[in-house]
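Trainee: Build the 3D model from these lines:
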Amino acid sequence: MSQDRIASVEVDLHTVTTESGRAIPYDVLLLALGARAVAALPGAVTFRGPEDERALVAVLAEARAGHPRIAFAIPSGTTWPLPLYELALLTRWHLSESLVQGAAVTLVTPESSPLGLFGHLASEEIGELLAIRGVDVRLDSSPVAFEDGALHLLRGGVVEADAVVALPRLEGIPIPGISANAQGFVETDRYGGVLGVDDVYAVGDMTAFPLKRGGIATQQADAAASAIAVRAGAPIAQEPFRPVIRGLLLTGGAAHYLRADPAGHESASTSSLSGGHRRRSWGATSRPISPNGWASRRHRSTSRTSPACTSTSSSSTTRAC
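Mentor: Okay, the predicted model is just below:
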């Protein structure tokens with residue numbers, strides 16, 4: 001085990017060079033280096049995870065002090081929008097619990113339907129939930145910048161707000177010796193093998209697979225591990241990467257467990273209630289995403305885990321709940 005940073009890969013020599021100058025030979029190399037989260041919306045508070053909780057708490061304090069219009073903006077190119085849906089729902093719940101007058105929470109997204117990556121049945125129900133909770137949703141709207149109390153949209157129009165919270169944009173981290181696309185992400189085959197390079201695998205946010213999510217990274221790692229094991233002579237079946245999307249949406253009330261299989265296989269969902277569980281025709285499981293101290297009373301009284309569990313992607317700081 002070595003604690004160091006990778007500087008380059010000499011694929012012809014089968015050697016990794018670290019920032020400290022060490023040359024480490026390899027037979028097979030597995031890369032899982034993540035991506036860089038950068039601010040995507042000028043003027044907005046960027047929410048990447050726990051490191052941005054203070055900024056989010058400040059937005060809430062301003063709302064309680066008389067600036068109660070908050071917009072949550074999903075930048076174009078974001079492939080994992082669920083954290084901002086959760087923040088919007090929990091913010092609306094928090095402002096209602098705090099009896100804030102004139103509170104207005106708006107979710108601005110380029111999606112054509114709410115959380116459409118989980119399928120139309122889940123999307124319809126999430127849309128109904130947002131409407132019931134009083135979260136205004138602006139679909140097919142790409143935010144450009146926030147200034148002077150106005151969130152400007154790509155195709156014209158504005159959303160008036162006192163504050164805007166946005167998700168970051170992910171960028172690939174260049175690695176000399178490993179080719180990448182224009183966005184800096186590495187192209188792989190269905191077993192994680194880096195295209196055009198022998199004996200090198202890549203998994204997680206650093207790959208060109210569009211959905212950046214910790215659960216997806218673990219599935220990619222399983223595929224790569226099976227391929228490497230077979231190469232080593234292990235008597236197992238080589239399993240390709242078959243993505244299954246899972247998420248858990250905290251709302252301040254019932255938590256929604258979501259699941260989608262892009263291959264089109266049957267999926268299921270559970271919406272947990274205080275008195276039990278309710279089954280639906282869509283959904284699955286993941287870990288909670290919520291700002292510090294926002295868990296509902298039911299979660300605070302029954303959960304043994306910290307309410308400060310936040311994540312925007314597998315490249316962000318994530319605390320298991």
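Trainee: make it CA atoms for all contacts and neighbour counts henceforth
Mentor: Fine.
Trainee: tell me the strands in the stretch 151-300 of the chain, going along the chain?
Mentor: Assigned by DSSP state E, counting those that start in this stretch, the stretch 151-300 of the chain shows strands spanning 158-160, 163-166, 169-171, 200-202, 245-249, 255-260, 269-273, 276-280.
Trainee: okay if I get those strands as CSV plus distance to residue 222 and mean neighbour count?
Mentor: Formatted as CSV, these follow (distance: least, Cα to Cα, whole Å; neighbours: other Cα atoms under 10 Å):
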stretch, distance to residue 222, mean neighbour count
strand 158-160, 43, 19
strand 163-166, 32, 26
strand 169-171, 23, 21
strand 200-202, 12, 26
strand 245-249, 15, 22
strand 255-260, 19, 24
strand 269-273, 24, 18
strand 276-280, 29, 12
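Trainee: do you know which of those lies nearest residue 24?
Mentor: Nearest to residue 24 among the strands of the stretch 151-300 of the chain is strand 200-202; the distance by Cα to Cα comes to 14.0 Å.
Trainee: packing partners for that closest one?
Mentor: strand 29-31 (3 or more Cα pairs under 8 Å, 6 or more residues apart in numbering; DSSP states H and E).
Trainee: Would you state the helices of the protein in chain order?
Mentor: 53-64, 82-97, 120-133, 214-231, 297-302 (DSSP state H).
Trainee: any idea of the mean pLDDT in the shortest one?
Mentor: Just to be clear, that refers to helix 297-302. Taken as a whole, helix 297-302 carries a mean pLDDT of 32.
Trainee: swap in the second one?
Mentor: Helix 82-97 carries an average pLDDT of 96.
Trainee: Below-threshold pLDDT in the protein: ranges please.
Mentor: 264-321 (pLDDT under 70).
Trainee: make it 90
Mentor: 1-2, 77-79, 252-254, 261-321 (pLDDT under 90).
Trainee: quick one, domains of it?
Mentor: Segmentation of the chain into domains, based on automatic domain parsing, reads 6-31+172-231, 38-169+250-302.
Trainee: Same list, those, but as JSON lines with distance to residue 240 please.
Mentor: Formatted as JSON lines, the domains of the chain follow (distance: least, Cα to Cα, whole Å):
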{"stretch": "domain 6-31+172-231", "distance to residue 240": "5"}
{"stretch": "domain 38-169+250-302", "distance to residue 240": "13"}
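Trainee: sorry, back to before: please dump the helices of the chain into CSV; it should also carry distance to residue 171 and mean neighbour count for every row.
Mentor: CSV is the format used below for the helices of the chain (distance: least, Cα to Cα, whole Å; neighbours: other Cα under 10 Å):
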stretch, distance to residue 171, mean neighbour count
helix 53-64, 22, 16
helix 82-97, 18, 21
helix 120-133, 28, 16
helix 214-231, 16, 20
helix 297-302, 35, 12
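Trainee: Chain neighbours aside, what residue packs nearest to residue 229?
Mentor: residue 236 (7.7 Å; Cα to Cα, 6 or more residues apart in numbering).
Trainee: ok now stretch 111-127, how far from the chain's centre?
Mentor: 16 Å (Cα atoms, centre = their mean, to the nearest Å).
Trainee: same thing with stretch 247-254?
Mentor: Worked out by Cα atoms, centre = their mean, stretch 247-254 lies 15 Å from the chain centre.
Trainee: How far does it stretch from one end to the other?
Mentor: Using Cα to Cα, to the nearest Å, one end of stretch 247-254 lies 14 Å from the other.
Trainee: Let me know whether residue 213 touches residue 205 as I believe.
Mentor: Yes: assessed by Cα atoms under 8 Å, residue 213 is found in contact with residue 205 at 7.2 Å.
Trainee: Compare these two and say which is more crowded by neighbours.
Mentor: Applying other Cα atoms under 10 Å to residue 213 and residue 205 shows that residue 205 carries more neighbours, namely 29 against 21.
Trainee: Check the gap between the closest residue to that one other than its chain neighbours and residue 49 for me.
Mentor: Using Cα to Cα, 6+ apart and skipping residues adjacent in sequence, the residue nearest residue 205 is residue 34, 4.7 Å away. According to Cα to Cα, residue 34 and residue 49 sit 15 Å apart.
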